[in-house]
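>>> Sequence first, then the predicted structure:
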Amino acid sequence: MCTTLQGQGLKTVPLSTRWTASNLNYQSISWGIQDTLTLPFFEDFAENSHTPNPNRWTGRQVWLSTGFAQSLPNIQSATFDHLDEWGQPYSVLNQNIRSYADTLCSQPINLQFFKDGSTTVNYKPSDSVYLSFFVERGGWGDSPESTDSLLLQFKTTTGQWVTVWNATGSSSISKEYFVPIAEYRFFSSTFQFRFCNYTKSTGNLNHWNLDYIRLNKNRRFQETNIQDVGISYFKPGLFYDYYNIPFSHYAANRVQSQGTGTQLKVRNSGVEPVNIRTLLDIKNQYGQTVHSKPLGSSSVKIDGLSEFTQTIELTKFDTLSGMSPELKFDIRINPENRDSTPILYHSATSNNRWEYTQKVQPWYAYDDGSAEGGFGLDYAHLGNIKGQFAMEFNTYKDDSLRGLAIQFNQSKTDVSTKSFRLRIWKEISPLSGPDNQDKVLYEWFMDAPVYRDSVNEFSYVFFDSVLFLPKGKYYVGWMQALPFVLNIGYDNNYRFSNDNQVANPHLFYNLLGSWERADYSIKGTPMIRMLMGGREEYLFEKEELPILQISAYPNPCIDQLTVQGIDSELISDLTIVDGVGRLMPVTCDNGKINVSHLSNGRYTLVLRTVQGQKAYWHFVKLGS
C-alpha cells in the first residue's frame, strides 16, 4: 500500500497548548518541590487538565490525555513520548539516535517514619511498602519498539537515583505492576520516585501510557483488591460524522447533521460485579440546562474486570444562540457498592465524574483535536514523482471558505524544509481512471509545514481570496512534487459511524495518475479543517470586546506602513503575519511601521490595544 501512517506513529485537546496558563488549573502554583507528602500516595489522573498536578508531581513533561489509552482504568492517563512540554522533539529527529525523553517525578514523600496514634514509628522493609501502577504500550498511539524502555527509579537517602524496574516495548496489553520498597537506602524523609522513557529520537512515536499509581504500606505483591468503578471513555456525539460543524450549518440542516448521541464507557477495575446508574447534564454558556438525563431508578450491572458502554440520545439544540455557542457536559456515575479504593487512598480526585466543554466553532472538523500520530504519503519506492491526497467534506449550507486549519505533526523524520501545495477540489476524477477530470477550485503554495510551540496546536492558513461554496461535496488536501511523508496530525479516535471495523471512507490518494481510496487499515482521520464563515469569526477574541476599526496606508506599500484610526499611545502590541501564519519581525515608531525587510506578498497587520481590543489590516508588500 502506497499510503501509510508511518508505522502508525500515533499522538492529545481542541486548540490547546501543552501547558499554557489559560488551560491549567494550577497556573498560580509553582512547578518544583512542594511540602513533603505522606502515605498513602494515589494518582488516577482524573483531573480535567493536561499536565500533572503539582501537589503530587514536580514536572510537566508528560501529556495527560483522554485519547491514547485503550484499556487503562480511567478516562485520562499520562503519555510518554519524545516530545517535550512545548511539543518539540527533545533532539533532532533521527531514528539512529536514542535518548532519555519524558520524565514524571513525584514530590518528596516521607518514608522515614509514620504515626501510629501518638507513637512515631520508623519504616522498615517488613512494612511491605509497594508501589503499583498500570502500563499500556501504545494504546491508540504508536507501540514502542523492543529497544525502547520505560524505567522506574527510586531516590536513595544519599540522593542517588537507582533503576528498580523497567519494561521494553511489546504488546499493547494493559497490565498492573508491583514494585516493593524493601531496602533501608530508600527509607528517607524526602523519598521520590520517577518514571522516564528511553527511546529513539522520533518525536511523536513510541508511546507509553501510565495510570492508577498507588503507594502504601501493608500491601501484597500482585494483590487483587481494587474496588473502583470509573469513567473510562467519553465522546460528546453532537454531530453526525463530524466532531464539529459551524452552528449555522447545523441549524440549517438539523436532521442530517444531528449526532448519534453521547457515548460513555464505564470500567469496573475490581473482580466483583457492580451496579451503577448514570447522569448526564448539559448546560449552555449562560448556565441554563439544555439537556438532562437524571439518575434513573434502574441500575446496570457491570461484571468484574469489564466495561459497560452506553449511548445517550441527545435532543436537538434549538435554543442555542450566537455564532459559537458552548455546551458544558457534566457526566456522572453512581456505583452502588465496591468503589472504596480511591477513598482508602485519600484520593483528591473522583473518576466517577467527568466535565467537558465543547465550543461549537466555525469550521468543519472530523478530528477531536487530539493527534495520536502523523499521516502522509509514503511512496519513495516509486521514484521522484508527484503525489496528491484528498479528504472529502460534505457541507450543509452555502457559505464562504476562508482557509484551512492544519495540525502539522513532528515524528520520525524531519520534513521542516519540504514545500507543497494545498488544494481545494470541487470534484476528483473517477477512481482507478485517468485524473483528467479533476476540478481544482483553489491552490495555495506552502514553502514548508508550520509547526507550533505546543502540542496539538493548529496552524491557520487563510487564503488571499474567499471561496464561496454552495452546499455539497468538496475535497481538501495537498499536492507534493517529490516523495516525503508530510506528517499531518492523525486522530486515531475517529471512527466513521462509530464502527471500529469500517475504514474511513473520506480519504483518497493519487500517485500514478489516478485516484484510489485509502487503505482499509486507515480508520482514523487526518487533522485538516475547513474554515467557514466571515472574517470576524476568526479573530479569536472575547465576544464582549468590540472589534477596533483601523486602516493603514499606503496599500500596497514598499518601505513603510502608517497606521491611522488610533492614538499610538494606546497600542500595546503589533505583529505582522504572513500568508502561512508565520510571525514577522516588526518595528513601530509613532504609528509608522518599517516593512522594508519583508518579501513581496500579502500580509496581515494585527494590533492589540492596552484595553485588549484587536484590530486587523490586510496589506500587500511590493518590491523597492
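Nice, I can see it.

>>> Quick check: the closest residue to residue 359 other than its chain neighbours vs residue 67, distance?
Nearest residue to residue 359, sequence neighbours excluded (CB to CB, 6 or more residues apart in numbering): residue 326, at 4.8 Å. Every residue, glycine included, has its C-beta placed from N, CA and C. For residue 326, the distance to residue 67 equals 21 Å [CB to CB, to the nearest Å].

>>> Compare the two and say which is more crowded by neighbours.
Neighbours per residue (other CB atoms under 10 Å) separate residue 326 from residue 67, with residue 67 holding more: 24 against 14.

>>> What does that one show for phi and psi?
Torsion angles at residue 67 (phi, psi; degrees, to the nearest 10) stand at phi -100, psi -10.

>>> Please determine how far it is located from residue 85.
17 Å.

>>> Just the pLDDT at the closest residue to residue 334 other than its chain neighbours, thanks.
Nearest residue to residue 334 in three dimensions, chain neighbours excluded: residue 277, at 4.7 Å (CB to CB, 6+ apart). Turning to residue 277, the model gives it a pLDDT of 94.

>>> What is the burial count for residue 277?
Neighbours around residue 277, by other CB under 10 Å: 16.

>>> can you check residue 305 too?
Residue 305: 13 neighbours (other CB under 10 Å).

>>> could you check the distance from it over to residue 178?
Counting by CB to CB, the gap from residue 305 to residue 178 is 17 Å.

>>> Could you find the closest non-adjacent residue to residue 416?
residue 448 (6.0 Å).

>>> Check for me that that neighbour belongs to a helix.
No. Using DSSP: H, G, I helix; E, B strand; the rest coil, the secondary structure at residue 448 is coil, not a helix.

>>> Which parts of the chain are helices?
247-252, 254-257, 341-344 (DSSP state H).

>>> residue ranges of the strands in the stretch 401-550 of the chain, please?
Ranges of strands in the stretch 401-550 of the chain, per DSSP state E, counting those that start in this stretch, are 420-427, 439-446, 459-469, 472-480, 488-491, 507-510, 515-517, 525-526, 528-532.

>>> isn't residue 428 right up against residue 440?
No. Taking contacts as CB atoms under 8 Å, residue 428 lies outside contact range of residue 440: 9.3 Å.

>>> Looking at these two now, which is surrounded by more residues?
More neighbours surround residue 428 than the other of residue 428 and residue 440, with 20 against 14 (other CB under 10 Å).

>>> What about the nearest residue to residue 115 once chain neighbours are set aside, how many residues nearby?
Leaving out its chain neighbours, the residue that sits closest to residue 115 by CB to CB, 6+ apart is residue 121, at 7.4 Å. Other residues near residue 121 number 11, with proximity taken as other CB under 10 Å.

>>> And for the one 10 residues further on?
Other residues near residue 131 number 21, with proximity taken as other CB under 10 Å.

>>> who's in contact with it?
Going by CB atoms under 8 Å, 6 or more residues apart in numbering, residue 131 touches 152, 178, 179, 181, 193, 213, 214, 215.

>>> any idea of the pLDDT on it?
98.

>>> Next, find the distance separating it from residue 319.
To residue 319, residue 131 is 50 Å away according to CB to CB.

>>> Model confidence score at the residue nearest to residue 453 when sequence neighbours are not counted, please.
Sequence neighbours aside, residue 86 is the residue nearest to residue 453 in space, at 5.0 Å (criterion: CB to CB, 6+ apart). In the predicted model, residue 86 carries a pLDDT score of 78.

>>> Report how many residues lie close to residue 86.
Residues near residue 86, counting by other CB under 10 Å: 13.

>>> Output the below-cut-off pLDDT ranges for the stretch 151-300 of the chain.
Applying pLDDT under 70 to the stretch 151-300 of the chain picks out residues 171-172, 297.

>>> go again using 90 as the cut-off
169-174, 201-205, 255, 260, 285-286, 293-299 (pLDDT under 90).

>>> Repeat that for the stretch 301-450 of the chain.
Within the stretch 301-450 of the chain, the ranges that satisfy pLDDT under 90 run 313-324, 348-350, 373-374, 410-414, 416-417.

>>> Please tell me how far residue 430 sits from residue 509.
On the measure of CB to CB, residue 430 and residue 509 end up 15 Å apart.

>>> So between those two, which is more surrounded?
Taking other CB under 10 Å, residue 430 and residue 509 do not tie; residue 509 has more neighbours (21 against 11).

>>> I figured that one hits residue 519, correct?
No. Using CB under 8 Å, residue 509 makes no contact with residue 519, being 9.1 Å away.

>>> what is the rounded mean pLDDT of stretch 586-594?
Regarding stretch 586-594, the rounded mean pLDDT is 85.

>>> Only the buried residues of it, if you could.
586, 588, 591, 593 (16 or more other CB atoms under 10 Å).

>>> Quote the end-to-end distance of that stretch.
Across stretch 586-594, the terminal residues are separated by 7 Å (CA to CA, to the nearest Å).

>>> which residues sit against it?
Outside stretch 586-594, the residues that reach it (CB under 8 Å, 6+ apart) are 552, 559-564, 566, 568, 571, 574-576, 595, 605.

>>> Between these, identify the one with the most neighbours.
Of these, with other CB under 10 Å as the count, residue 561 tops at 25 neighbours.

>>> ok, it - contacts?
By CB under 8 Å, 6+ apart, the neighbours of residue 561 are 552, 553, 554, 555, 592, 593, 595, 605, 619.

>>> Just put those in TSV and tack on distance to residue 286.
Shown next, in TSV, are these (distance: CB to CB, whole Å):
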residue	distance to residue 286
552	38
553	42
554	46
555	41
592	44
593	41
595	44
605	35
619	39
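
>>> related to what we said a few turns ago, now the residue nearest to residue 453: how far from residue 402?
For residue 86 relative to residue 402 (CB to CB), the value is 28 Å.

>>> Can you report how many residues lie near residue 56?
16.

>>> and if you look at the one 10 residues further on?
Burial of residue 66 is recorded as 24 neighbouring residues (other CB under 10 Å).

>>> Residue 596 too?
Neighbours of residue 596 (other CB under 10 Å): 10.

>>> For it, which non-adjacent residue is spatially closest?
Per CB to CB, 6+ apart, closest to residue 596 is residue 559, 4.3 Å.

>>> That neighbour and residue 595 touch, don't they?
Yes. If you go by CB under 8 Å, residue 559 and residue 595 touch, sitting 6.6 Å apart.

>>> hang on, the earlier thing: so the residue nearest to residue 359 touches residue 360, yeah?
Yes. Counting by CB under 8 Å, residue 326 touches residue 360, with 7.4 Å between them.

>>> Distance-wise, check residue 289 relative to residue 85.
When residue 289 is compared with residue 85 (using CB to CB), they lie 37 Å apart.

>>> for residue 413, same thing?
Taken as CB to CB, the span from residue 413 to residue 85 is 23 Å.

>>> Ok, residue 386 next?
Applying CB to CB to residue 386 and residue 85 gives a distance of 37 Å.

>>> which residues touch residue 57?
Contacts of residue 57 by CB under 8 Å, 6+ apart are 43, 104, 105, 106, 107.

>>> For it, give the beta-bridge partners.
Beta-bridge pairing for residue 57 (DSSP bridges): residue 106.

>>> okay, now the closest residue to residue 469 other than its chain neighbours: neighbour count?
Of all residues not flanking residue 469 in the chain, residue 401 sits nearest, at 5.2 Å (CB to CB, 6+ apart). Counted with other CB under 10 Å, residues neighbouring residue 401 total 23.

>>> I'd guessed residue 83 sits against residue 410; true?
Yes. The pair residue 83 / residue 410 is scored as a contact, 7.2 Å apart, by CB under 8 Å.

>>> Show me whatever sits in contact with both of the two.
Joint contacts of residue 83 and residue 410 (CB under 8 Å, 6+ apart) are 89, 203, 204.
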